Structures are given as C-alpha cells and as structure tokens.
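Asker: whatever this is, show me its structure:
(4 chains)
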2 protein chains.
Amino acid sequence: MSSSRPRRSADIDPRPSRGIPEATVARLPVYLRALTGLAERGTTTASSEELARAAGVNSAKLRKDLSYLGSYGTRGVGYDIEYLRYQIAREIGLTQDWPVVIVGIGNLGHALANYSGFATKGFGIVALLDADPQRVGERIGDHTIRPYSDLEQVVRESGVAIGVISTPASAAQEVCDRLVEAGITSVLNFAPVVLSVPEGVDVRKVDLSTELQILAYHEQRKALSQNGHVPGIEGLPVEGVS
Amino acid sequence: MSSSRPRRSADIDPRPSRGIPEATVARLPVYLRALTGLAERGTTTASSEELARAAGVNSAKLRKDLSYLGSYGTRGVGYDIEYLRYQIAREIGLTQDWPVVIVGIGNLGHALANYSGFATKGFGIVALLDADPQRVGERIGDHTIRPYSDLEQVVRESGVAIGVISTPASAAQEVCDRLVEAGITSVLNFAPVVLSVPEGVDVRKVDLSTELQILAYHEQRKALSQNGHVPGIEGLPVEGVS
DNA sequence: TAGATTGTTAATCGATTAACAATC
DNA sequence: TAGATTGTTAATCGATTAACAATC
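Answerer: Numbering: from 1, shown residues only, chains lettered A, B, ... in the order given. This is a model prediction of the structure:
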C-alpha cells in the first residue's frame, strides 16, 4: 500500500516520524487539560514556565515533550494556547471521535456511563453491555443496557475502537478475549486482573487497590521515619541480641 | 529523634534501608495479586518464571524487584507463595489497616463506597463525606453519608491516613487543601485536575480520560501505519507542492 | 538593540534486561 | 552429584534535567 503512494514534499517532514516516547505520550493529556484550563480563564499565550506550573511538571520537561511534536512556540514569547491545544489534540488523535463500548454495568460501569467527560473529550459511548438479563433494558443517560451477546454486532456496526471492561475480575479475561476476537485493539481494564492479549493489542489498567497500596507504602515510610525507625526493620526479631 | 536511639544489632540490616525504586513499588501490588491468585488455585511454590507470567512481567524484572525486599526465594526451588506474599504485604504496609475517607459521593463515589476490595485489601472506609445536604444521611452499604463539614473531626477521630477525592473538578483543590490541613499526607485523586500540595504529601491520580487518550494515541498510530501513512503527516497541507 | 524564552544538547539519573555465578 | 533456579552484576536503554545557543 504505502509503497505505491506517490511521494510528495510533505513526506519530508521535519518531525520525528518514529514515535513519541511513552512518558511523553502519557503527559500530553495533562498538557491538554492545562491548556483548556488556561483558555477558559481567557489566557491566550503562556510561557513554558507558566504552562509547566499549570500541568504540574517542570518547564524543561515540558519543552522537551513539546519538541517531539514540532516547533509550536515562539522564542521570546511563549506558546499560543489555542494553537498548541489543537496540535496536541491532533497528535493524540482527538480531532476524530473514538467509539467506545463499556462491558459490565455494575456500580463502576454506571459511574463510567454517566461520566460526562467521555463525550466532551472526543470519545463516544456507543453501547453498554451486561450479561445479567435483569440489567438489560435499563436506561442510563442516553443509553439502554444491551445484552452481552450483542458484543460482536456492536463492535462491527459502530466500528468500536476501545473496549472498557468494568466486569468482575472473574469475567474480565473472557470479555477481553471476545473484544479482541471481534477486532478491538485497545482495552481499558478496570477489573483487578492481568489480562493476556495478543501482540498489537494495547491494554491499560486502572486499579484502585494498586493505587491505595502505593500510597500505603509511602505512608508507612513516612510514619516510620517520624518514629525514628529505620524503614524495613520493624517486625524483625530483636531478641537474642543483648 | 532517631539520632538518640540506642543502636542494636538489628540496625545492621542486610536489606537496603534506603527505599525501593518507585517502579518496583508500583509493581509490588501486582505481584501480591498474582500470588493471591496462585494461592487460591492451591499452588504453594512458584518459580520466578511462573510468577512473572502470572504478573505479566518478565522474570528478570521480577527477580530484580524481589531482590530489593530481601532474599525470600530458594535457589533451585523457587518462592514459597505464602511466605513471599506475607513479605510483600509487610513491605507495602498491609499488615496494618489504613483508614480511608472518601469525599464526594456522586456516581463514582458511590461505586468506590461499594467496592468490596477496599476492606479485604487492608483499607477501611471510615467515612463518606458530601457537601450536598440532600445526600447527607443516605446509606451506602455499612455507611451513612456525613456532611463535608465533619471532615476535620473524622480525620482526627479515626486517624485517617488516606483521603480519596471523588468530587467534581471544581471542588477538588479546596477539598485537598482541607484534607492536608487536617493532617492527611496521602491523597488519591479522581477529579480531573492537577492538585497542588505541600512537600511531603503524596498524590496519586486516576483519570479515565487520560487513559482513553493514551489508548487513542496508539490506536491512531496503528490505523495510520495500516493505511500506509507516515504517522504525523496527515492533516498537513499538501497544497503548493506540485 | 536588549530582553525573553524557545528548542536542543549533553550530562545524569533511573529502569530494564541478559547473562551467569552462587547455591539449593 | 546433576539439574534447577535464584540473586546479582554489568550492559543497555529510556527519561529527566540543567544549561545555553538560537532567535523572536
């Protein structure tokens, strides 16, 4: 395909055609949000220093990150907020809409289905699926819960790009397999399991208890250092020391 | 404080008293879950290879990670699952219970309050707070929603260690300030804002739309490479090229 | 022109990985 | 003892940061 495409001067693109570092990709949404916040407050231009403050990073990192996208700032001036916002949105792919299906409409699924940020950010829920016949037919916002067995049909008809799994842990792998089988290559997993997927499928995981545990680890360290304990010592036997 | 503590032989600890790398800390909960899964299936011993598979990492990384905690395996044999599980739990600080307060009981707050994994994992919800008088008094599971103004009292009386913020974005910083003022040093933030906190306070952020955007970026790249486009080209003007 | 600020370089730091000696 | 597998070393890779030349 690409080999038969005629070459044009646009092919000689100054930006790195090889991807943006993962760490940078993960921060682009943060920058986007910071830019939106500034725009809402009427700001039209910001320096890397100001932008970085709004995004909670240091300015060197922000400039480096933005440099992977291109040269969208003006030396001596800063960045035009609207212009930069558009460039980042385009880079992420938010200039198009991404159809999303949510599988598993329990407590969390309900919350996700009601989350207004979905639509406004370039993602559109095209279906809510649940395996429980009792739940099927229930209305949530604009949507009606459909049977899990509609999965393939939904993916096909709506060209679903991203599958969100908010089922119990026990069901997650099977749901994931079926999403992948239906052609989905991006999965956002809220179930507390490690999903196995074939090469080429991206999985991201959101996990409450992992986050709490990471906080607990640091909290414990803070408490220990306050008490004058050397971290990692408490709980070790001190008998037989004399 | 710690300088006046008498030295004991336990002070000479073979393990690195200086902390575990952040990347490793973030994986310990994953290992813990994998171990629990294996234990439930009746397994008592596992090699680093098996454990790594269950956790979705490679075995070199797993062994390196575990080596920061100590030497809890047996060469030629593997790891005793129960023993390793205990050691990781102790390292994270899960041998004690961490009191948690949830502020903002909308859709997401409801889901969090109902999340059973909370209690079973060493975290206990001690209060649900909401600023809306209409919601105060509502029962969720074992809890009754209390007024936001009870915040300081709850933190003090229950010795809350971790504050969970599930308010709208507009309220999150104020809630955070008040939690920190009340003495909390660990915050889990579900609101889509960058919180500013003083030195010594840990914030972790869970953000649905960030996750979706990261997936969208990769999804876009996959689509582009299939279509034979050089990523980063589409949308650039091609006029004036001739 | 003088002042400000970007975009980039280069140094540093931390994380990952392969390989293997130690040892059960 | 022979086979298996850990714990550690060292090489590599990627991310962060400070500093500054380029340039508005």
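
Asker: domain ranges for chain A?
Answerer: Per automatic domain parsing, the structural domains of chain A span A:19-92, A:98-208.

Asker: right, and these - which one's nearest residue B:205?
Answerer: domain A:19-92 (9.1 Å; C-beta to C-beta). Quick note: C-beta positions are derived from backbone N, CA and C, even for glycine.

Asker: what sits up against stretch A:171-179?
Answerer: A:101, A:103-104, A:131, A:148, A:151-152, A:155, A:163, A:165, A:167, A:187, A:189, A:191, A:193, A:195-197, A:203 (C-beta atoms under 8 Å, 6 or more residues apart in numbering or on different chains).

Asker: please repeat the previous calculation with a cut-off of 7 Å.
Answerer: With C-beta atoms under 7 Å, 6 or more residues apart in numbering or on different chains as the test, stretch A:171-179 has contacts from A:103, A:104, A:151, A:163, A:165, A:167, A:187, A:189, A:191, A:193, A:195, A:197.

Asker: from those, which ones fall inside strands?
Answerer: Residues of the contacts of stretch A:171-179 located in strands (DSSP state E): A:103, A:163, A:165, A:187, A:189.

Asker: most neighbours of all those, which one?
Answerer: residue A:163 (28 neighbours; other C-beta atoms under 10 Å in any protein chain shown).

Asker: so it touches residue A:102, yeah?
Answerer: No: using C-beta atoms under 7 Å, residue A:163 makes no contact with residue A:102, being 8.1 Å away.

Asker: residue contacts, the closest residue to residue A:139 other than its chain neighbours?
Answerer: Nearest-residue entry for residue A:139: residue A:145, 7.8 Å, with adjacent residues in sequence omitted and distances by C-beta to C-beta, 6 or more residues apart in numbering or on different chains. Residues in contact with residue A:145 (C-beta under 7 Å, 6+ apart) are A:105, A:128, A:130, A:135, A:136, A:137, A:138.

Asker: gap between residue A:113 and residue B:206?
Answerer: 17 Å (C-beta to C-beta, to the nearest Å).

Asker: one more: residue A:175?
Answerer: Taking C-beta to C-beta, one finds residue A:175 at 21 Å from residue B:206.

Asker: now do the closest residue to residue A:201 other than its chain neighbours, the pLDDT please.
Answerer: Of all residues not flanking residue A:201 in the chain, residue A:185 sits nearest, at 5.0 Å (C-beta to C-beta, 6+ apart). pLDDT recorded at residue A:185 is 97.

Asker: re earlier: make JSON lines out of the contacts of stretch A:171-179 and add distance to residue B:57.
Answerer: Listed next are those as JSON lines, based on distance: C-beta to C-beta, whole Å:
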{"residue": "A:103", "distance to residue B:57": "26"}
{"residue": "A:104", "distance to residue B:57": "26"}
{"residue": "A:151", "distance to residue B:57": "29"}
{"residue": "A:163", "distance to residue B:57": "23"}
{"residue": "A:165", "distance to residue B:57": "20"}
{"residue": "A:167", "distance to residue B:57": "24"}
{"residue": "A:187", "distance to residue B:57": "18"}
{"residue": "A:189", "distance to residue B:57": "16"}
{"residue": "A:191", "distance to residue B:57": "18"}
{"residue": "A:193", "distance to residue B:57": "15"}
{"residue": "A:195", "distance to residue B:57": "14"}
{"residue": "A:197", "distance to residue B:57": "15"}
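
Asker: any buried residues in stretch A:52-63, and which?
Answerer: Buried residues in stretch A:52-63, counted by 16 or more other C-beta atoms under 10 Å in any protein chain shown: A:52, A:53, A:54, A:55, A:56, A:57, A:62, A:63.

Asker: now, the residues you listed that are in helices?
Answerer: The members of the buried residues of stretch A:52-63 that map onto helices under DSSP state H are A:52, A:53, A:54, A:55, A:62, A:63.

Asker: who's in contact with the fourth one?
Answerer: Residue A:55 makes contact with A:30, A:31, A:34, A:62, B:194 under the criterion C-beta under 7 Å, 6+ apart.

Asker: now the last one
Answerer: With contact set as C-beta under 7 Å, 6+ apart, residue A:63 has these partners: residue A:48.

Asker: let's see it at 10 Å
Answerer: A:47, A:48, A:49, A:51, A:52, A:73, A:79 (C-beta atoms under 10 Å, 6 or more residues apart in numbering or on different chains).

Asker: what kind of secondary structure is residue A:127 in?
Answerer: Under DSSP: H, G, I helix; E, B strand; the rest coil, residue A:127 falls in the strand class.

Asker: give the bridge partners for it, please.
Answerer: Note on residue A:127: beta-bridge partners residue A:101, judged by DSSP bridges.

Asker: surely it touches residue A:136?
Answerer: No: in this structure, residue A:127 is not within contact of residue A:136 by C-beta atoms under 10 Å, at 11.6 Å.

Asker: can you list residues touching both of the two?
Answerer: A:144, A:145, A:146, A:150.

Asker: on that earlier part again, any residues in contact with both of residue A:163 and residue A:102?
Answerer: By C-beta under 10 Å, 6+ apart, the residues touching both residue A:163 and residue A:102 are A:129, A:188.

Asker: name the helix or strand of chain A that has the lowest mean pLDDT.
Answerer: Least confident helix or strand, chain A: helix A:117-120 with a mean of 75, by mean pLDDT, DSSP states H and E.

Asker: that one near chain B at all?
Answerer: Yes: taking C-beta under 10 Å from any C-beta of the partner chain as the criterion, helix A:117-120 and chain B are in contact, through A:117, A:118, A:120.

Asker: the first one touches residue B:190, doesn't it?
Answerer: No: with contacts defined as C-beta under 10 Å, residue A:117 does not count as touching residue B:190, sitting 11.2 Å away.

Asker: the more surrounded of these two?
Answerer: Applying other C-beta under 10 Å to residue A:117 and residue B:190 shows that residue B:190 carries more neighbours, namely 23 against 13.

Asker: three-state assignment of the nearest residue to residue A:73 once chain neighbours are set aside?
Answerer: Leaving aside its sequence neighbours, residue A:73 sits nearest to residue A:79 (C-beta to C-beta, 6+ apart; 4.6 Å). Recorded secondary structure, residue A:79: strand (three-state DSSP).

Asker: tally of neighbours for residue A:79?
Answerer: Residues near residue A:79, counting by other C-beta under 10 Å: 25.

Asker: likewise residue A:149?
Answerer: Neighbour tally, residue A:149, other C-beta under 10 Å: 11.

Asker: ok so it is a helix residue?
Answerer: Yes: with three-state DSSP as the criterion, residue A:149 is located in a helix.

Asker: may I have the predicted confidence score for it?
Answerer: For residue A:149, pLDDT reads 98.

Asker: verify the stated contact: it with residue A:103.
Answerer: No: assessed by C-beta under 10 Å, residue A:149 is found out of contact with residue A:103, at 11.5 Å.

Asker: re the thing from before, of the ones in helices among the buried residues of stretch A:52-63, which ones also sit close to DNA strand D?
Answerer: residue A:63 (C-beta under 7 Å from any atom of the strand).

Asker: ok so, going back, which of residue A:175 and residue B:206 has more neighbours?
Answerer: Using other C-beta under 10 Å, the more surrounded residue of residue A:175 and residue B:206 is residue A:175, with 24 against 20.

Asker: what about the more buried one, helix or strand, and which?
Answerer: helix A:169-181 (DSSP states H and E).

Asker: going by neighbour count, list what's buried in that helix.
Answerer: A:171, A:172, A:173, A:175, A:176, A:178, A:179, A:180.
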